[in-house]
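K.L.:
Sequence first, predicted coordinates after that:
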Amino acid sequence: MAGLAVNVDHVATLREARKIHYPEPVAAAVFAELAGADGIVVHLREDRRHIQDRDVRILRKIVQTKLILEMASTSEMVGIALDIKPDIVTLVPEKREEVTTEGGLDLVVHKNSVAEAVDSLQNGGIPVSIFIDTDPEQIKLAHQIDAAMVEIHTGTFCDATTSIKREKAFSTIVDAVKLAHKLKLKVNAGHGICYKTIKAFKGLKEIDEFSIGHSIVSRAVLVGMERAVKEMLALIKEL
Ligand code: PXP
């Protein structure tokens, strides 16, 4: 069975919307682990729009499964990772103006700088995963620069608006996963996966782990709503 790494960024998004001290992403990580998650993922963005440095430091102390740090391949982030030492780093492209990560790292363009970051991190004892699109060229480059693993971008498939586009996007995921596996890269997959799209991955045994965030946090908000309202009503009743 493939593993599940739960991304808790959007618990921090809710907190940062008010710039207060709750909800606590670290608490969400503990609950996710208690529910059986195989890892906790956070993306420390350059603009610190959701996860803060202190979140990563506390998570490093309390996560019992594995802590996966998503980050841009900048010298600032490499320095932070080497200091905090997450169990895995996933290198992602990052643009300040984007709402979320929009695609894989382009290794054709950024091969040398990414290779340098991979080298520094892996020499520092942190295995590196590269978030890439399904293009075979990108996968071969990830292999060439000696990354320990890749995370295949599933967003194009998950966001597809027609069945033709969906099927086409999924077949590129299958090819990418199989190629990465053949090259002996550990293969993860993520972005945009929800309770419906996950079903498409049945039988694709080469995937080691799914990285899922937004849909899980969104569902937690709804499945927890009834209890949250009842608890507030009980307090009001006692007034
Ligand atoms: N994988 C990577 C590399 C990501 O950047 C993200 C989003 O932070 C995810 C997985 C999780 O995506 P989602 O929140 O859509 O499940």
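P.N.:
Looks like it came in fine.

K.L.:
hey, where'd the helices end up in this structure?
P.N.:
With helices called from DSSP state H, the chain shows them at 9-18, 25-34, 53-62, 75-84, 107-123, 136-144, 155-159, 163-182, 214-223, 225-237.

K.L.:
Indicate which one of those is closest to the ligand.
P.N.:
Of all the helices of the chain, helix 214-223 sits nearest to the ligand, with 3.4 Å by Cβ to the nearest ligand atom. Yep, even glycine has a C-beta here, placed from its N, CA and C like the rest.

K.L.:
close to the ligand, is that closest one?
P.N.:
Yes: Helix 214-223 reaches the ligand (Cβ under 6 Å from any ligand atom) through His214, Ser215.

K.L.:
In PDB, list the C-alpha atoms belonging to that helix.
P.N.:
Only the C-alpha atoms of helix 214-223 are listed here, as PDB (Å, rounded to 0.1, in the frame of the first residue of the first chain):
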ATOM      1  CA  HIS A 214      -5.800  21.000   0.600                       C
ATOM      2  CA  SER A 215      -8.600  18.400   0.200                       C
ATOM      3  CA  ILE A 216      -7.800  16.800   3.600                       C
ATOM      4  CA  VAL A 217      -7.800  20.200   5.400                       C
ATOM      5  CA  SER A 218     -11.000  21.200   3.600                       C
ATOM      6  CA  ARG A 219     -12.800  18.000   4.600                       C
ATOM      7  CA  ALA A 220     -11.600  18.400   8.100                       C
ATOM      8  CA  VAL A 221     -13.300  21.800   8.300                       C
ATOM      9  CA  LEU A 222     -16.600  20.300   7.200                       C
ATOM     10  CA  VAL A 223     -16.600  17.000   9.100                       C
END
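
K.L.:
Please determine how far the nearest residue to Ala180 once chain neighbours are set aside is located from Phe131.
P.N.:
With sequence-adjacent residues excluded and distances taken as Cβ to Cβ, 6 or more residues apart in numbering, Ala180 is closest to Val187, at 4.6 Å. Computed as Cβ to Cβ, to the nearest Å, the Val187 to Phe131 distance reads 12 Å.

K.L.:
Kindly report the same for Lys111.
P.N.:
15 Å.

K.L.:
Have a look at the two and say which one is more surrounded.
P.N.:
Using other Cβ atoms under 10 Å, the more surrounded residue of Lys111 and Phe131 is Phe131, with 23 against 16.

K.L.:
near the ligand, which residues of this protein?
P.N.:
Contact residues, the chain versus the ligand (Cβ under 6 Å from any ligand atom): 7, 9, 43, 70, 90, 92, 100-101, 131, 151, 190-193, 211-215.

K.L.:
So which of those belong to strands?
P.N.:
Asn7, His43, Glu70, Thr90, Phe131, Glu151, Gly190, Ser211, Ile212 (DSSP state E).

K.L.:
and which of the residues you listed is nearest to Ala29?
P.N.:
Asn7 (10.0 Å; Cβ to Cβ).

K.L.:
who's in contact with Gln144?
P.N.:
Counting by Cβ atoms under 8 Å, 6 or more residues apart in numbering, Gln144 touches Lys111.

K.L.:
How many residues are close by the nearest residue to Leu185 once chain neighbours are set aside?
P.N.:
Counting by Cβ to Cβ, 6+ apart, Leu185 lies nearest to Val150, which is 5.2 Å off, once chain neighbours are set aside. Using other Cβ under 10 Å, Val150 has 30 other residues around it.

K.L.:
Looks like Val150 contacts Ile132 (just checking).
P.N.:
Yes: counting by Cβ atoms under 8 Å, Val150 touches Ile132, with 5.6 Å between them.

K.L.:
where do the contact lists of these two overlap?
P.N.:
In contact with both Val150 and Ile132: Ile139, Ala142, using Cβ under 8 Å, 6+ apart.
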